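Chemist: Compute the structure for the input listed below.
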Amino acid sequence: MLSPGVRPPRGRDPDRGGHGPARAAPAGGDRHPMSLELARRLVEILLALALIQQSLEHLRGFRDERILFSARIALAVLVLAGVASPWPLVGLAALSLLILHRFQGPYNGGSDRMGLLILWCLTLSSLAPTPLLAELAFGYLGAQLTLSYFISGWVKVVNPDWRSGRALRDVFQFSAYPVAESLRGFAHRPCLLRAMSWGVMGFELVFPLTLLWPPALMAGLVVAGTFHLANACLFGLNRFFWTWLSAYPAILWLQGRVF
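Modeler: Next up, the predicted model:
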C-alpha cells in the first residue's frame, strides 16, 4: 500500500499489485473527442429516421412516387440496421438523383438541400480511400452546418424588416405557416416580435464562436434544437427539425477534431 502523497512508479498500476502497464491518460486531458466512426454512425441513424419520416407522406401519391419513396424507406431501414454498409448509403445517394429529377430539384427547399448534403457527405466519407479524405468529407458537413446558421443570421440582419420585427409580424399575420389561428395574435405584439427577431439573429451570428469551447457548443446545439422544435410546433416545419438534428454529431466531431 502506498503512503499518501507517494506516487507509484511509472509503468505500474497499484490496483493490480504493481504489475502490468499503466493506463494511459486520454489525449487532451479530460477531453474525450467523439470518434469519426461513432459520429458517422449517429448521423446515419438520425438521417435514416428523418428520411423514413419524410418518405411516408409520399406513399399515397402517384405510382412513381410510391415506388421511389418505398425504395428509399427500404434502404433507410438497412442503414438504420447497419446492414451491408456502406452500400445502402450508396443506394440512397443514387436514388436521391432520381428523386431530384422527378421533382425538378429539391421540392422542399432548405430541409431537402441539407438532407442531400448530409447524405452525400456520409456516402463520400464512407467510400473514401484514405482516413484523411474520410475526415475531410465528414468535416465538410460540420462546417456547412455551422455556416448555415451564420449565413441565415447575416441574411436576416441586413434586412430592415427583420431588424424591425416586421418580417415575423408578416409570418404570423399573413402566411399559411401558423398551425393555429390563435397564434396570429402575436402579429399585434411588435415589441415582442422585435425582441424575438434580434434574439434569433444574434444567436445565429454568434453560433460559430461556440466551436471554441465544448460546453458552449453543447449549449448552442440545445438552443438551436429548441429553436427548430419551436418552428415545428408553431409553423409545422418538422422537416427542418429532424434534418438539422441529423447533422449535429458531425459538428460535435469537428469541434473535437479541430479545437
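Chemist: roughly how far apart are residue 71 and residue 122?
Modeler: 18 Å (Cβ to Cβ, to the nearest Å). Where C-beta positions appear, they are placed from N, C-alpha and C, glycine not excepted.
Chemist: Tell me which of those two has more neighbours.
Modeler: residue 122 (26 against 16; other Cβ atoms under 10 Å).
Chemist: residues in contact with the more buried one?
Modeler: Contacts here follow Cβ atoms under 8 Å, 6 or more residues apart in numbering; on that basis residue 122 touches 40, 43, 44, 47, 89, 138, 141.
Chemist: Does it lie in a helix or a strand, and which?
Modeler: Remark: residue 122 resides in helix 110-127, with elements defined by DSSP states H and E.
Chemist: and that helix, C-alpha only, in CSV?
Modeler: Taking Å, rounded to 0.1, in the frame of the first residue of the first chain, the C-alpha atoms of helix 110-127 are listed here in CSV:
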residue,chain,number,x,y,z
GLY,A,110,-33.7,24.1,-47.4
SER,A,111,-34.5,20.9,-45.5
ASP,A,112,-34.1,18.9,-48.7
ARG,A,113,-30.8,20.6,-49.5
MET,A,114,-29.5,19.9,-46.1
GLY,A,115,-30.6,16.3,-46.3
LEU,A,116,-28.8,15.9,-49.6
LEU,A,117,-25.7,17.4,-48.1
ILE,A,118,-25.8,15.0,-45.1
LEU,A,119,-26.4,12.0,-47.3
TRP,A,120,-23.6,12.8,-49.8
CYS,A,121,-21.1,13.7,-47.2
LEU,A,122,-21.8,10.5,-45.4
THR,A,123,-21.5,8.4,-48.5
LEU,A,124,-18.3,10.1,-49.7
SER,A,125,-16.8,9.7,-46.2
SER,A,126,-17.7,6.0,-46.1
LEU,A,127,-16.2,5.4,-49.5
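Chemist: Name the residues of the helix or strand following that helix that are buried.
Modeler: Per DSSP H and E, the first helix or strand lying C-terminal to helix 110-127 is helix 131-157. Neighbour-count burial for helix 131-157 flags 134-135, 137-142, 144-146, 148-149, 152-153, 156-157 (criterion: 16 or more other Cβ atoms under 10 Å).
Chemist: can you give me the helices for the stretch 1-150 of the chain?
Modeler: Per DSSP state H, counting those that start in this stretch, the stretch 1-150 of the chain carries helices over the ranges 36-56, 63-81, 87-103, 110-127, 131-157.
Chemist: Give me the buried positions along the fourth one.
Modeler: Applying a neighbour-count criterion of 16+ other Cβ under 10 Å, the buried positions in helix 110-127 are 111-112, 114-126.
Chemist: which non-adjacent residue is nearest residue 65?
Modeler: residue 58 (4.7 Å; Cβ to Cβ, 6 or more residues apart in numbering).
Chemist: State the pLDDT value of the one you found.
Modeler: The confidence metric pLDDT takes the value 85 at residue 58.
Chemist: What residues does it make contact with?
Modeler: So residue 58 contacts 65, 66, 68, 69 (Cβ under 8 Å, 6+ apart).
Chemist: at 10 Å instead, please
Modeler: 64, 65, 66, 67, 68, 69, 70, 72, 73, 99 (Cβ atoms under 10 Å, 6 or more residues apart in numbering).
Chemist: Excluding sequence neighbours, find me the nearest residue to residue 34.
Modeler: With Cβ to Cβ, 6+ apart, the residue lying closest to residue 34 is residue 253, at 4.8 Å.
Chemist: contacting residues around stretch 72-89?
Modeler: For stretch 72-89, contacts defined as Cβ under 10 Å, 6+ apart pick out 40-41, 44-56, 58-59, 69, 90-96, 98-99, 119-120, 122-127.
Chemist: wait, which of the helices of the stretch 1-150 of the chain is closest to residue 208?
Modeler: With Cβ to Cβ as the criterion, residue 208 lies closest to helix 131-157 of those, at 5.2 Å.
Chemist: Kind regards, and thank you for your time.
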